[in-house]
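Peer 1: Below is the sequence, then the predicted model.
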Amino acid sequence: MKTSVSLQESGSPGGARALVSLTTTELAAALRARQVSAVEVLDAFLSRARQHNPALNAVVTWDEERARERAAQADAALARGELWGPLHGVPFTVKDAFSTAGLRTTSGHPELAGYVPSEDATAVARLKAAGAILWGKTNLPPFASDYQTHGPLLGRANNPHDLGRTPGGSSGGAAAAVAAGFTPFEVGSDIGGSIRLPAHFCGIVGIKPTEHRVSNAGHVPDMPNGPRHVRHMACSGPLARSVADLRLILSLIEGEDPRNPEVPPVAPLGAAKPRALKGLRLAWTDTLGPFRADGPTRQLLERFTAALRAEGVVVEHAVPEALDFDDLLEVWGLMEGGEVGAPLPPDWRQGFRDQFLPLKDDRMAAAIVRGTYLDLAGHGATLTRRDGHMATLERFLSGWDAWLVPVSPTPAIPHTPFGGPVEVDGAPRGYLEALGGFTSFFNATGNPVVVFPLGRTEAGLP
């Protein structure tokens, strides 16, 4: 029998509609109205985490004392009529790849076990400036380089829906913490699916924003106090329980940053404009190049698209005919290897290669290894190939309001050794291709992607 964590439990703070079940926007409104105190809200989330984190290992660093002090200050400020910002008094955790002033930041790597930054990552600083209260850091694989979350420093994170399965990676601890009610929202990072796959496996919502909409300043990798090498494909974005939460949090962390000049000024998101379903034009597919979703995933997509058609939505099965999927995946791997692996110190770089070398039949792994040997001319040629793929996809998307694509061929998989085969419809598939084939596609093109759950499998998995 699987073991799982339920949000609706007797004895939870706030009764049946527990504080830890509220969305970020609901919590923020209740705090502003002084219907509940910041101290009470923080206590509810800390109590929840103390109860269930031993089973999940989602939160790996706690900052309870400073969080309690800040919560008390938040209540006192509201009593004086002061409002710090849209997230006044809302507690949160953040993926341990983001630098946090005075709180260890390891990026899951043993060599950084004692690293304590003096400055927050830009995304963390902006959330604090909006009134949010940081109380902990969440688990990830070393240097955020796996589609599962486990490593020698921080250990293995488990899926709240089934402890025998992975929450995904690399923002696996982040997604598990949101799904289990340890935090109302998180900020993850994504260079090949690391926000989207965990959101999918844990049954929450998440967004990989448009490339360069949110600053990655203070994210590790790059290495602390070193040059910035990771300049393409990597994105930072929120994970939460509602699309309204994503909109709110993204609006707070996006925008130009002197520490990350690639990020331009952006128009604020503003309020969502009401739009009727009837007349929307949506493309959908359950297959991208060599990757095809499994039977249960296809059934959910077909059920969803049928429901949309019944509401007057124009829904058609479509993929960009001119797009070379194999070449696009190779471009992704070359850039991943070139910007993440190649700049590492020599012994670390070889270790980076060594983890992918045994995956001999996995095209994505092979491209990553080749990327670690790229020189500047090779990197420039890869970026030029990327430009062509981006233009092809933009032409395709111009004919549709959105494109519906599976996040992964399967729901959450059982814990699997890195590089081991992943079963899809009873047949083994390559590790990276099975877990990242659908997601890395959109890092290679830079497009924004929102993840939302459509339902559950017969086994109860999102």
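Peer 2: Looks like it came in fine. Everything numeric in this text was worked out from a predicted model, so none of it was measured. Numbers count the residues shown, from 1 in each chain.
Peer 1: which parts of stretch 397-412 are buried?
Peer 2: Going by neighbour count (16 or more other Cβ atoms under 10 Å), the buried part of stretch 397-412 is 400, 403-412. For glycine as for every other residue, the C-beta is placed from the backbone atoms N, C-alpha and C.
Peer 1: just the residues you listed now: which is nearest residue 139?
Peer 2: residue 412 (15.5 Å; Cβ to Cβ).
Peer 1: before we move on, which element is the closest one in?
Peer 2: In this assignment (DSSP states H and E), residue 412 forms part of neither any helix nor any strand.
Peer 1: That one: what's it in contact with?
Peer 2: Residues in contact with residue 412 (Cβ atoms under 8 Å, 6 or more residues apart in numbering) are 159, 161-162, 165-168, 201-202, 461-462.
Peer 1: Which pLDDT does the model give it?
Peer 2: At residue 412, the pLDDT value in this model is 98.
Peer 1: So for this protein, the centremost residue is which one?
Peer 2: residue 195 (1.5 Å; Cα atoms, centre = their mean).
Peer 1: Please give me every residue in contact with it.
Peer 2: Residues in contact with residue 195 (Cβ under 8 Å, 6+ apart) are 171, 188-189, 206-208, 235, 237, 239, 451.
Peer 1: Can you read off the backbone torsions of it?
Peer 2: phi -90, psi -50 (degrees, to the nearest 10).
Peer 1: what's the nearest residue to it if we skip its chain neighbours?
Peer 2: Distances taken as Cβ to Cβ, 6 or more residues apart in numbering put residue 188 closest to residue 195, at 4.3 Å, once the chain neighbours are dropped.
Peer 1: where does that neighbour land in three-state SS?
Peer 2: Here residue 188 is recorded as strand under DSSP: H, G, I helix; E, B strand; the rest coil.
Peer 1: Can you list the buried residues in stretch 318-330?
Peer 2: Applying 16+ other Cβ under 10 Å to stretch 318-330 flags 319-320, 323, 325, 328-330 as buried.
Peer 1: Next one: residue 133 from residue 260, what distance?
Peer 2: 25 Å (Cβ to Cβ, to the nearest Å).
Peer 1: Between the two, tell me which one has more neighbours.
Peer 2: Applying other Cβ atoms under 10 Å to residue 133 and residue 260 shows that residue 133 carries more neighbours, namely 26 against 18.
Peer 1: Contacts only, for the closest residue to residue 415 other than its chain neighbours.
Peer 2: The spatial neighbour of residue 415 that comes closest, neighbours along the chain excluded (Cβ to Cβ, 6+ apart), is residue 166 at 5.5 Å. Applying Cβ under 8 Å, 6+ apart to residue 166 gives the contacts 148-150, 157-159, 172, 201, 412-416.
Peer 1: Most neighbours of all the residues you listed, which one?
Peer 2: residue 172 (35 neighbours).
Peer 1: which outside residues touch the lowest-mean-pLDDT helix or strand in the chain?
Peer 2: Sorting the helices and strands of the chain by mean pLDDT, DSSP states H and E puts helix 346-356 at the bottom, at a mean of 90. Contact with helix 346-356 is made by 111, 143, 145, 340-344, 362, 365-366, 368-369, 372, 418-419, as judged by Cβ under 8 Å, 6+ apart.
Peer 1: Same check on stretch 123-132?
Peer 2: Contacts of stretch 123-132 (Cβ under 8 Å, 6+ apart): 74, 83-92, 94, 98-100, 119-120, 134, 187, 214-215, 218, 236, 249, 252-253.
Peer 1: Which of those fall in helices?
Peer 2: 74, 249, 252-253 (DSSP state H).
Peer 1: quick one: which of those is nearest to residue 311?
Peer 2: For those, the nearest to residue 311 is residue 249 (28.4 Å; Cβ to Cβ).
Peer 1: that older thread, a markdown table please, covering the contacts of residue 195 and showing distance to residue 64, pLDDT and neighbour count.
Peer 2: Formatted as a markdown table, these follow (distance: Cβ to Cβ, whole Å; pLDDT from 0 to 100; neighbours: other Cβ atoms under 10 Å):
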| residue | distance to residue 64 | pLDDT | neighbour count |
| --- | --- | --- | --- |
| 171 | 22 | 98 | 37 |
| 188 | 22 | 98 | 31 |
| 189 | 24 | 98 | 28 |
| 206 | 26 | 98 | 30 |
| 207 | 29 | 98 | 27 |
| 208 | 31 | 98 | 31 |
| 235 | 30 | 98 | 24 |
| 237 | 26 | 98 | 29 |
| 239 | 22 | 98 | 31 |
| 451 | 30 | 98 | 22 |
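Peer 1: Can I get those residues in a markdown table including distance to residue 349?
Peer 2: Conversion of these to a markdown table gives the following (distance: Cβ to Cβ, whole Å):
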| residue | distance to residue 349 |
| --- | --- |
| 171 | 24 |
| 188 | 25 |
| 189 | 21 |
| 206 | 30 |
| 207 | 31 |
| 208 | 26 |
| 235 | 24 |
| 237 | 28 |
| 239 | 30 |
| 451 | 32 |
